[in-house]
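Novice: Could you work out the structure for the sequence below:
(one chain, ligands or ions: 1)
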Amino acid sequence: MTIQKHFPYVDNNMFAENVALSDIAKQVGTPFYCYSNTAIKQNYQDYQQAFSDQDTLICYAVKANGNQAVLSTLAKLGSGADVVSMGEILRARAAGIPAEKIVYSGVAKTGEEIAYALNEGIFQFNVESEPEVELISQIATKLNKTAAISFRINPDVCANTHAKISTGKSENKFGVPISKARLAYKQAAALPNIKVQGVDVHIGSQLTQLAPFEEAYQRIAQLVVDLREDGHDISVIDIGGGLGITYRDENIPSKQAYAAVAKAQLGHLNCKIVIEPGRSLLGNAGILVTGVVFVKTGEERQFLILDAGMNDLIRPSMYEAYHEVLAVKKVSTALKTYDIVGPVCETGDTFAKARQINESTSGDLLAIMSCGAYGAVMASTYNTRMLAPEVMVKGSEFAIVRQRPTYEAVINADSVPNWL
Ligand code: LLP
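Specialist: Numbering: from 1, shown residues only. Reported below is the predicted structural model:
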């Protein structure tokens with residue numbers, strides 16, 4: 001059982017830093033997401049420290065959790081941002097992340113988005129295809145701007161992670177195949193208003209081993225040598241995100257060990273290293289607190305039915321992801337086996353099957369652990385359930401950093417045509 005440092009038990013009551021989760025629940029209602037500001041900072045500083053002997057720009061992957069309070073925390077620490085949409089650029093800029101620390105990834109950037117990013121003056125576009133670089137060139141020419149680019153290279157490496165979040169195999173939609181890279185760079189360099197500046201790679205998410213990174217970086221290093229031989233001025237290597245976290249019992253390599261792999265494979269090339277971590281900054285800095293609505297005894301099993309569902313946290317249904325579920329108040333030490341499910345009308349709305357946790361009854365609070373990344377951002381209002389509010393804790397203080405929307409606001413977002 002991995003009890004996370006910033007969500008400790010004090011006298012059998014779970015806290016977020018120095019605040020009792022039951023106190024937050026009284027004020028905010030359940031379900032709610034709760035983030036530890038200290039945990040986010042610590043995770044960021046661990047990266048900073050691990051990469052301190054390399055010229056590095058940390059670009060937090062906004063997709064993991066785009067809350068303004070999260071982004072502001074990271075902006076104040078000096079973080080840049082890896083974004084995948086105009087919306088994420090707006091979010092990052094609103095939180096005070098300077099444009100010159102923004103890298104823009106994503107397979108389908110539209111003309112409007114490209115123009116916006118050029119006008120903002122971002123650090124670089126991570127280009128995913130030949131047609132994309134042509135479009136960037138056209139728009140940059142029209143705007144009289146120069147677009148700094150890296151191609152995202154698909155190195156054809158197996159990341160040993162869930163198929164839905166593996167991105168670096170040749171069958172995946174991402175990037176330019178490494179075999180076609182030299183030609184792509186040659187064509188791009190000949191386009192007007194394009195400045196070729198680097199190489200980018202991201203092979204997947206929730207990686208639990210260093211070997212796939214090592215293999216990918218080795219291939220990238222050789223490519224940088226080849227590209228320089230072809231006359232390109234390569235000064236940036238974006239090594240992507242992807243270092244995993246412990247959800248259950250995964251033994252994750254340290255950030256130092258990860259940095260050492262980057263240095264060993266790429267250090268001799270004297271490039272600026274960009275890293276795009278998401279999950280490893282936020283994942284274990286957040287939890288979802290939920291109430292038990294009913295305990296139901298089925299024919300073969302007992303169900304704990306929660307007020308949080310797959311619309312709040314989709315990872316278990318979407319990726320068969322394991323999230324630890326802990327009692328917020330441990331009243332008894334007796335363990336019981338439950339299927340832990342949500343209220344949504346789908347069998348897939350299941351957080352855990354045959355899970356042993358402290359015996360629980362209706363009205364109890366539970367904490368679903370490790371959901372700071374890819375939790376709130378993937379939530380929906382399916383079943384017309386309101387998005388769970390988000391709370392941030394720092395020491396003994398807490399604040400709601402996104403309110404629970406009202407039913408009225410959600411329903412009024414629709415409109416009925418007058419010809420109906
Ligand atoms: N850079 C790029 C280009 C990415 O596509 C991603 C994640 C990252 C960085 C950040 O990767 P991280 O450090 O978080 O592993 N929703 C899924 C994860 C999707 C990851 C998508 N790309 C989940 O809940 O597991």
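
Novice: quick one: contacts for the residue in the stretch 301-420 of the chain that the ligand sits nearest to?
Specialist: Minimum separation of the stretch 301-420 of the chain from the ligand (C-beta to the nearest ligand atom) falls at Tyr374, amounting to 3.1 Å. C-beta: built from backbone N, CA, C; applies to glycine. Residues near Tyr374 by C-beta atoms under 8 Å, 6 or more residues apart in numbering: Lys63, Ala64, Asn65, Gly278, Arg279, Gly283, Arg315.

Novice: switch to 6 Å and redo it
Specialist: Taking C-beta atoms under 6 Å, 6 or more residues apart in numbering, we find Tyr374 in contact with Ala64.

Novice: Find me the pLDDT at the residue lying closest to Glu250 once chain neighbours are set aside, would you?
Specialist: Leaving aside its chain neighbours, Glu250 sits nearest to Thr208 (4.9 Å; criterion: C-beta to C-beta, 6 or more residues apart in numbering). pLDDT, Thr208: 97.

Novice: does Thr208 really touch Leu243, like I thought?
Specialist: No - under the criterion of C-beta atoms under 6 Å, Thr208 makes no contact with Leu243, lying 8.9 Å away.

Novice: between these two, who's got more neighbours?
Specialist: Between Thr208 and Leu243, Leu243 has the larger neighbour count (other C-beta atoms under 10 Å), namely 24 against 16.

Novice: separation between that one and the ligand?
Specialist: In this view, Leu243 and the ligand are 6 Å apart by C-beta to the nearest ligand atom, to the nearest Å.

Novice: Can you tell me the closest non-neighbouring residue to that residue?
Specialist: Per C-beta to C-beta, 6+ apart, closest to Leu243 is Ser280, 4.5 Å.

Novice: Dig out what the residue in the stretch 51-200 of the chain positioned nearest to the ligand forms beta bridges with.
Specialist: Here the stretch 51-200 of the chain gets closest to the ligand at one residue, Ala61, 3.5 Å apart by C-beta to the nearest ligand atom. For Ala61, the beta-bridge partners are Asp82 (DSSP bridges).

Novice: can you pull the pLDDT of it?
Specialist: Note on Ala61: pLDDT of 98.

Novice: got it, and the one 10 residues further on?
Specialist: Predicted confidence (pLDDT) at Leu71: the value is 99.

Novice: got a list of what it touches?
Specialist: So Leu71 contacts Ala95 (C-beta under 6 Å, 6+ apart).

Novice: repeat that with 8 Å
Specialist: Per C-beta under 8 Å, 6+ apart, neighbours of Leu71: Tyr60, Val62, Ala81, Arg91, Ala92, Ala94, Ala95, Gly96, Ile97.

Novice: Could you pull out the residues contacting both of Thr208 and Leu243?
Specialist: Ile252, Pro253.

Novice: Asn154 touches Lys173, doesn't it?
Specialist: No - assessed by C-beta atoms under 8 Å, Asn154 is found out of contact with Lys173, at 9.1 Å.

Novice: out of those two, which sits in the more crowded spot?
Specialist: Asn154 (26 against 10).

Novice: Distance check, Thr290 against Thr337.
Specialist: Separation of Thr290 from Thr337 (C-beta to C-beta, to the nearest Å): 19 Å.

Novice: Between the two, which is the more surrounded one?
Specialist: Neighbours were counted for Thr290 and for Thr337 using other C-beta under 10 Å; Thr290 has more, 28 against 11.

Novice: residues contacting that one?
Specialist: Each residue near Thr290 by C-beta under 8 Å, 6+ apart is listed here: Thr30, Pro31, Leu306, Asp307, Ala308, Asp312, Leu365, Leu366, Ala367, Ile368.

Novice: same thing with His268?
Specialist: Here His268 is in contact with Ala221 (C-beta under 8 Å, 6+ apart).

Novice: roughly how far apart are it and the ligand?
Specialist: 24 Å.

Novice: ok but that residue is inside a helix, no?
Specialist: Yes - looking at His268 with DSSP: H, G, I helix; E, B strand; the rest coil, it is inside a helix.

Novice: returning to that earlier point: what about the residue nearest to Leu243, how many neighbours?
Specialist: 27.

Novice: element containing it?
Specialist: Element membership for Ser280, per DSSP states H and E: helix 279-282.

Novice: so, in contact with the ligand or not, the helix or strand just after that helix?
Specialist: For helix 279-282, the following helix or strand on the C-terminal side (DSSP H and E) is strand 286-297. No - figure legend: strand 286-297 not in contact with the ligand (C-beta under 6 Å from any ligand atom); closest approach 12.4 Å.

Novice: Parallel or antiparallel, list what pairs with strand 286-297.
Specialist: strand 32-36 (antiparallel), strand 302-306 (antiparallel), strand 365-368 (antiparallel).

Novice: Scan the helices and strands of the chain for the one with the lowest mean pLDDT.
Specialist: Least confident helix or strand of the chain, by mean pLDDT, DSSP states H and E, is strand 176-177 with a mean of 94.
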